[in-house]
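Novice: My questions concern the predicted model and sequence given below.
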There are 4 protein chains.
Amino acid sequence: MTNLKKIYNTKSPVLEEMGFNDDNYVIIAGPCAIEDRESLLAYAKLLKDNNIHYMRAGAFKPRTSPYDFQGLGYLGLNMLKEIRELTGIKVVSEIVNADDVKKFEETVDIIQVGTRNAQNFELLKALGKTTTPVLLKRGFGNTIDEWLSAAEYILASGNPNVILCERGLKSIDGNSHNILDLGGAILVKKLTKLPVIIDPSHASKIYETVPELTWAGLTAGLNGALIEIHFNPDASISDSAQALRTTKFSGLLEKARKISAVLDKKIY
Amino acid sequence: MTNLKKIYNTKSPVLEEMGFNDDNYVIIAGPCAIEDRESLLAYAKLLKDNNIHYMRAGAFKPRTSPYDFQGLGYLGLNMLKEIRELTGIKVVSEIVNADDVKKFEETVDIIQVGTRNAQNFELLKALGKTTTPVLLKRGFGNTIDEWLSAAEYILASGNPNVILCERGLKSIDGNSHNILDLGGAILVKKLTKLPVIIDPSHASKIYETVPELTWAGLTAGLNGALIEIHFNPDASISDSAQALRTTKFSGLLEKARKISAVLDKKIY
Amino acid sequence: MTNLKKIYNTKSPVLEEMGFNDDNYVIIAGPCAIEDRESLLAYAKLLKDNNIHYMRAGAFKPRTSPYDFQGLGYLGLNMLKEIRELTGIKVVSEIVNADDVKKFEETVDIIQVGTRNAQNFELLKALGKTTTPVLLKRGFGNTIDEWLSAAEYILASGNPNVILCERGLKSIDGNSHNILDLGGAILVKKLTKLPVIIDPSHASKIYETVPELTWAGLTAGLNGALIEIHFNPDASISDSAQALRTTKFSGLLEKARKISAVLDKKIY
Amino acid sequence: MTNLKKIYNTKSPVLEEMGFNDDNYVIIAGPCAIEDRESLLAYAKLLKDNNIHYMRAGAFKPRTSPYDFQGLGYLGLNMLKEIRELTGIKVVSEIVNADDVKKFEETVDIIQVGTRNAQNFELLKALGKTTTPVLLKRGFGNTIDEWLSAAEYILASGNPNVILCERGLKSIDGNSHNILDLGGAILVKKLTKLPVIIDPSHASKIYETVPELTWAGLTAGLNGALIEIHFNPDASISDSAQALRTTKFSGLLEKARKISAVLDKKIY
């Protein structure tokens, strides 16, 4: 095992204050990519109406092919800022370039690091220089040790506000779905004092298993779930198969609230 | 995808009658291997006292090394039969040889096929000739398609009473733990009409994450969990790290019962 | 690592005598499955004409689906015996049932254990009771330690004549091809005194990379290669994509002989 | 499969001129990390004395732990430039930050992208804006499709000079070694017109199997190998287990030259 100095003992009062504590199961929902101002506003309102505090929406999209939609970029980021101020929703969005840290600090509540950049150490070091919280996804080919070490890069550079997110490992069955390492997430939750969440959407690759995995994460004692939703998945620019139709999202929340009651937790 | 004719539509009224239906979450607990008559009786009593109906205990142990304890064999099987008659507990035990089907029919309630024999088609065909229920583990390197195809071998040979069990895939992090493919199990539950259960013990390799994975499987809508327990794990002949101490087992059950209440299910 | 007592030091003079020694690179070629007597005879003649000593041909085929062609069984085995006596070709064929050991002893020169039975310990123990050589494939999900332990089961039961065969691991890119663990095979060659060969056909899943992998195994110091060939791959009953057309097989041999010359080896 | 427009047809006359063509097998050897000026000069002389044209040496080291040696940085890069001018050796070194492209253009002959940045698309796009050749490693968890798509990012941004390097995939046996996907490299060699090389050192994790894999890559028709060597591996700052002692390196070259002769190739 790699020598790690901070990850086992670091707490983040900032994140606890923001809702990421053991009294809550935080749902961060929204579209894969920001598509336009109007729909973004509608997602924010839907979430607020459901007492959900966090919206996810990508402005920069690291896609396997250079010819796929790469996101609206700064234009999208500015939309996000506007909607956030307008509605009070808190926002999470993915960064892909270390030079953009300042811009993200001014625009979002939580900066996301995607699975492909999970060991982009230059980016992690740059995020260690801010105090804006970082949602760090585990690389789809990373061991638990590598995942914790990636977080350690941020902590060692000075930022204790890290959310650890398990999003599924590639496996021998990778073409059908990723394998959510729920056991690994539980283990990391027990080993550390930072919030640990799951991304059932990228793990599933299909929306059909997203609700069950979300509930499973809640029952397993984790701190939240990052969920892709869409008003009309078939018309989605990206990740259309795994986006949960908004009409099904309320059913997901309802059952989550029912379960959370016996666990003395709140859906946040 | 392989052409499969029966797995998507086969129901098993026999298994439903035996408790494997959507009203229950069946806990099958017990030691990895049968160690002696006395302890086996104690496990059976403990389970009965906790209103648990099924005990697991291995008479034949397929171990990686030929020099590791291989189980008590027929002697163990006879003990199992005696304890079963004495206490009324139902028993599950692993078969490793097609020639033993008749002996198992007379001795156990459910015949288990282990992960290493998940594509031992001669064994699967032989189990298709009995009507005793079969608990079929997914191979640790098998895709969902291969898992369903293995079940199809049993169904095609005439036995519809198959319980599908996900026990964790090997992965890039295999030395620390297996990755329970909970998403895959949920998917198979949705695709088929047969009971689907999980084996959190072999998935975890350590007992610490067993309770959470057990609860997660319940919340995810699956039909049960196969759990290794031990009065004194440190003294266990095999699988000592992943066996849950019996004193912790009652805590696992208590919380499972609490959760099951809001899901309109019973811990069976 | 598992405690292993024999695998690191066992030598097989029988196999060395049969050509599996460091002076040779043994090519074992033939169709995936025995299709009929006539074609089997033609393959045997082709191999003899090319100074190749071993033919592979499956009588029992463990297929993922129960509805796929399962081989000609004993009928095929008898054909194999006849062709072997008629032409003097040596034959390798796969066993799937421990009860068939005696029948195989009388029929083939080398008994093959397939990847799905790589940890079918009952079969391995039964093969430890014969002295007929065993070609043991590594399981597609087995570590090197598990591979060596599987061989140890045969050795511990009394049969020292084991050929170790690496045939490709499943991986995150499993749907396109298996990953031939050439490095692992080299390591096992260095760690043991038994012959180590590769199966470039099952590793590749497509015939196009079979010749290069065959040559690579030769240059890497291994003892041979198991190759699927076919007179007309498009008409093959099974494994049609990975079977090398016989007209391309002579090109493979020609270059292999050229390379073997500078390595002081012979293509056998 | 991802839609790719350039990777299948792009040729690089620049790289062919630099030795990366089908007449040669290019050996790029050197220490994992630049340790000091004196040893770097000694490696360069050793390579020149052996008629080897390329030296590898890392100035920036992306290490799993933030507390491990991270390389000499710009200081190392300047050393590399000096030694290159002094001895005429050509140099390859790894970039980790898109802002450093200009600095690397002035310092090295080939810019390396490491496995952890294999899908750091911002870095790849920045490297598409230079014409300095790029040695692109495949991510240890990337499919062939993802590997080709990563190269496409560089090509689509304007730089056709890409060397594709297979360095081993993580697998179920990942703790002992990575699995060099030689078959995948052969396939990519057949599918594209760009040079394809292997990294036997990172694949092996131990030096013992490095020579055999190097020879295997040569026989398989690939264009070269990237090899870690060290005067005294035990004293190496990083990767000490997989570095080949320089005294063994000459044996590797000697046999490689012997083999290359019958393949009408030169060790370059």
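Specialist: Good, I have the coordinates.
Novice: CA only for contacts and neighbour counts going forward, please
Specialist: Fine.
Novice: how about the strands in chain A?
Specialist: For chain A, the strands defined by DSSP state E cover A:24-30, A:54-56, A:90-95, A:110-113, A:134-137, A:162-166, A:196-198, A:224-230, A:244-245, A:266-267.
Novice: Mind putting those into CSV with mean neighbour count, mean pLDDT and distance to chain C?
Specialist: Listed next are the strands of chain A as CSV, based on neighbours: other CA atoms under 10 Å in any protein chain shown; pLDDT from 0 to 100; distance: least, CA to the nearest CA, whole Å:
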stretch, mean neighbour count, mean pLDDT, distance to chain C
strand A:24-30, 25, 98, 28
strand A:54-56, 26, 98, 28
strand A:90-95, 24, 98, 25
strand A:110-113, 24, 98, 22
strand A:134-137, 26, 98, 19
strand A:162-166, 27, 98, 18
strand A:196-198, 30, 98, 21
strand A:224-230, 27, 97, 24
strand A:244-245, 22, 96, 26
strand A:266-267, 20, 98, 35
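Novice: Let's have the ones you listed in JSON lines, adding distance to B:Pro200.
Specialist: Converted to JSON lines, the strands of chain A look like this (distance: least, CA to CA, whole Å):
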{"stretch": "strand A:24-30", "distance to B:Pro200": "23"}
{"stretch": "strand A:54-56", "distance to B:Pro200": "32"}
{"stretch": "strand A:90-95", "distance to B:Pro200": "33"}
{"stretch": "strand A:110-113", "distance to B:Pro200": "30"}
{"stretch": "strand A:134-137", "distance to B:Pro200": "24"}
{"stretch": "strand A:162-166", "distance to B:Pro200": "18"}
{"stretch": "strand A:196-198", "distance to B:Pro200": "18"}
{"stretch": "strand A:224-230", "distance to B:Pro200": "22"}
{"stretch": "strand A:244-245", "distance to B:Pro200": "28"}
{"stretch": "strand A:266-267", "distance to B:Pro200": "26"}
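Novice: can you tell me which of these comes nearest to chain D?
Specialist: Closest approach to chain D among the strands of chain A (CA to the nearest CA): strand A:90-95, 10.7 Å.
Novice: Near chain B, which residues of chain A are found?
Specialist: Proximity of chain A to chain B (CA under 8 Å from any CA of the partner chain) is limited to residues A:141-144, A:171-173, A:177, A:179-184, A:186-187, A:203-204, A:208-209, A:212-213, A:215-217, A:219-221, A:258-259, A:262-263.
Novice: Can you tell me which residues in the stretch 1-150 of chain A are near chain C?
Specialist: Counting by CA under 8 Å from any CA, no residue of the stretch 1-150 of chain A sits close to chain C.
Novice: the helices in the stretch 1-150 of chain A, which residues?
Specialist: Assigned by DSSP state H, counting those that start in this stretch, the stretch 1-150 of chain A shows helices spanning A:13-17, A:37-49, A:74-87, A:101-107, A:121-127, A:144-156.
Novice: Now the buried members of the residues of chain A next to chain B.
Specialist: Neighbour-count burial (16 or more other CA atoms under 10 Å in any protein chain shown) applied to the residues of chain A next to chain B gives A:141-144, A:171-173, A:177, A:179-184, A:186-187, A:203-204, A:208-209, A:212-213, A:215-217, A:219-221, A:259, A:263.
Novice: What pLDDT does the model give A:Ala261?
Specialist: Per-residue pLDDT puts A:Ala261 at 96.
Novice: Ok, the one 4 residues further on next?
Specialist: Reading off the per-residue confidence, A:Lys265 sits at a pLDDT of 98.
Novice: Let me see the contact set for it.
Specialist: Going by CA atoms under 8 Å, 6 or more residues apart in numbering or on different chains, A:Lys265 touches A:22-25.
Novice: From D:His202, how far off is it?
Specialist: 46 Å (CA to CA, to the nearest Å).
Novice: distance between stretch A:97-115 and the chain's centre?
Specialist: With CA atoms, centre = their mean, to the nearest Å as the basis, stretch A:97-115 stands 13 Å off its chain's centre.
Novice: Show me the residue at the heart of chain A, geometrically.
Specialist: By CA atoms, centre = their mean, chain A has its centre lying nearest to A:Leu226, at 4.5 Å.
Novice: Spatially nearest residue to the residue of the stretch 1-150 of chain A found nearest chain C (excluding sequence neighbours)?
Specialist: Nearest to chain C in the stretch 1-150 of chain A, going by CA to the nearest CA, is A:Gly141, at a distance of 9.2 Å. What sits nearest to A:Gly141 in space, not counting adjacent residues and going by CA to CA, 6 or more residues apart in numbering or on different chains, is D:Gly141, at 5.1 Å.
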